[in-house]
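Chemist: How does the following fold in three dimensions:
(2 chains)
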2 protein chains.
Amino acid sequence: MRLSIVLFDGFTALDVVGGYEVLANVPGITTEFVAASTGPVFADTRRLALHAYRTLEETTHTDILYVPGGPGVEKGLRNPALLDAIRRLHAASTWTIGICNGVELLGAACAIQDLNVTTNWFARARVAAYGAKVGTARYQRDGKVVTGAGVSASIDAGLFLAGLIAGEDVAKTIQLGIEYYPAPPFGNGTPDTAPAAAQALVRAFEQHAPQRLESLQPAF
Amino acid sequence: MRLSIVLFDGFTALDVVGGYEVLANVPGITTEFVAASTGPVFADTRRLALHAYRTLEETTHTDILYVPGGPGVEKGLRNPALLDAIRRLHAASTWTIGICNGVELLGAACAIQDLNVTTNWFARARVAAYGAKVGTARYQRDGKVVTGAGVSASIDAGLFLAGLIAGEDVAKTIQLGIEYYPAPPFGNGTPDTAPAAAQALVRAFEQHAPQRLESLQPAF
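Modeler: Purely as a prediction, here's the structure:
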């Protein structure tokens, strides 16, 4: 099976790599990184760059379409070529996985209307505006569409999808391989139970994320 | 503060990106990716490449030295230039963080003798051989050296170090930003309580990882 991970300027690296680290290790899956053009694509910090080596245009088909999120989503929503590619690849995919506010891109590509989905906690209203039924789960499946909550939820959503594709034993073995037995040093609540001060800070940070992204110089 | 993340052929991507996603978002930290030479560096699957934009040689100092693990560690242990750079940068760092079997590289660079450390569960004996006291914690601090267990533990170790550097409130805000409220779909035990069959599979996989790495064609 071909796993195509879509990169765009200003993606969030852990949105990508959490799910990648799980799915790329499923036997029989071949992973590729695709973007508008080949070469390094900068993450939201402008300090990390992942390499894309296939263009969206030359990607005519994939089995698993993987759409991450990040502050770059806002610009992505105004990019018809990106949305067209997502719509086209989703139409013929076996599975489509969206992480964080990358689920907005699936929404704009008409891939989640009437579906049960999850997303980053600050993107819930925007995703609902695309006609999806938005819950607060860490990962969610509806038909062939699997969605994950914010950033690090890509690991949970990836393991869940790995279980659907290859069975629970394979997924558990990968879980051991990546030692995913989390012990967050500052507890394990939910975004909705986080301190109000932290919620306000993160909301403010996220609101200005697209402008901040534009202001950051690429590292090279 | 400068955070220098060391890349080498055959690193494990989540070893890098889990901690990066936390630490790169600490106010005042500037992140860079360093390697033997600049350009794309391939992860262990040979399907993902992160871009290095500073050479180890020109990196004369860093505040936070970050050493990930992966199947490429075995080759790294036979690379005097890599070990010299780690030894040199560690000598003057404020913090040094090692993840997974990257802790072996710290061992070979004489950075963990007599220290309490953790590492990937399959690398414990090899790390102990460098004179470290190896525990089974998910993250561990001894002086300026913070170590993390396998792969995804880079997130926990990163949050722990972020708390040491910038205080618990900042670390909690970043935890919310990356929505690190994990809910592993197949439970949350420990590597030591994983099913024996999964342990045997992963051990076999890891034992042959360096040879497998050599057999994989780079994606581009």
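
Chemist: what about A:Gln211, how many residues close to it?
Modeler: 10 (other Cβ atoms under 10 Å in any protein chain shown). From N, CA and C alone the C-beta is placed, and that goes for glycine too.

Chemist: If you count contacts, what does the strand or helix carrying it end up packed against?
Modeler: Element membership for A:Gln211, per DSSP states H and E: helix A:209-215. Applying 3 or more Cβ pairs under 8 Å, 6 or more residues apart in numbering or on different chains; DSSP states H and E, we find helix A:209-215 packed against helix A:73-76.

Chemist: For the next helix or strand after the helix it packs on, which helices and strands make contact with it?
Modeler: Per DSSP H and E, helix A:73-76 leads on to helix A:80-91 as the next helix or strand towards the C-terminus. Here helix A:80-91 touches strand A:2-6, strand A:64-67, helix A:102-108, going by 3+ Cβ pairs under 8 Å, 6+ apart.

Chemist: Give me the distance between the residue lying farthest from the centre of chain A and B:Leu176.
Modeler: What lies farthest from the middle of chain A is A:Ala197; by Cα atoms, centre = their mean that is 26.3 Å. With distances taken as Cβ to Cβ, to the nearest Å, A:Ala197 is found 10 Å from B:Leu176.

Chemist: Tell me where the longest helix sits in chain A.
Modeler: Longest helix of chain A, by residue count under DSSP state H: helix A:153-166.

Chemist: buried ones in that helix?
Modeler: For helix A:153-166, the neighbour count (16 or more other Cβ atoms under 10 Å in any protein chain shown) marks A:153-163, A:165-166 as buried.

Chemist: Tell me the helices and strands packed up against the helix or strand of chain A with the lowest mean pLDDT.
Modeler: When the helices and strands of chain A are scored by mean pLDDT, DSSP states H and E, helix A:196-207 comes last with a mean of 87. In this structure, helix A:196-207 packs against helix B:168-177, with contacts taken as 3+ Cβ pairs under 8 Å, 6+ apart.

Chemist: And the helix it packs on, what's buried?
Modeler: Across helix B:168-177, burial judged by 16+ other Cβ under 10 Å covers B:170-177.

Chemist: TSV for these, including distance to A:Leu83 and pLDDT?
Modeler: Converted to TSV, the buried residues of helix B:168-177 look like this (distance: Cβ to Cβ, whole Å; pLDDT from 0 to 100):
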residue	distance to A:Leu83	pLDDT
B:Val170	36	93
B:Ala171	36	95
B:Lys172	35	93
B:Thr173	32	93
B:Ile174	31	94
B:Gln175	32	94
B:Leu176	29	94
B:Gly177	26	94
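
Chemist: Can I get those residues in a markdown table including distance to chain A?
Modeler: Below are the buried residues of helix B:168-177 laid out as a markdown table (distance: Cβ to the nearest Cβ, whole Å):
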| residue | distance to chain A |
| --- | --- |
| B:Val170 | 9 |
| B:Ala171 | 6 |
| B:Lys172 | 5 |
| B:Thr173 | 5 |
| B:Ile174 | 9 |
| B:Gln175 | 6 |
| B:Leu176 | 5 |
| B:Gly177 | 5 |
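
Chemist: Out of the residues you listed, which comes closest to B:Gly98?
Modeler: For those, the residue nearest B:Gly98 by Cβ to Cβ is B:Ala171; the value is 19.2 Å.

Chemist: excluding its backbone neighbours, what's nearest that closest one?
Modeler: Nearest non-adjacent residue to B:Ala171, counting by Cβ to Cβ, 6 or more residues apart in numbering or on different chains: B:Gly163, 3.9 Å away.
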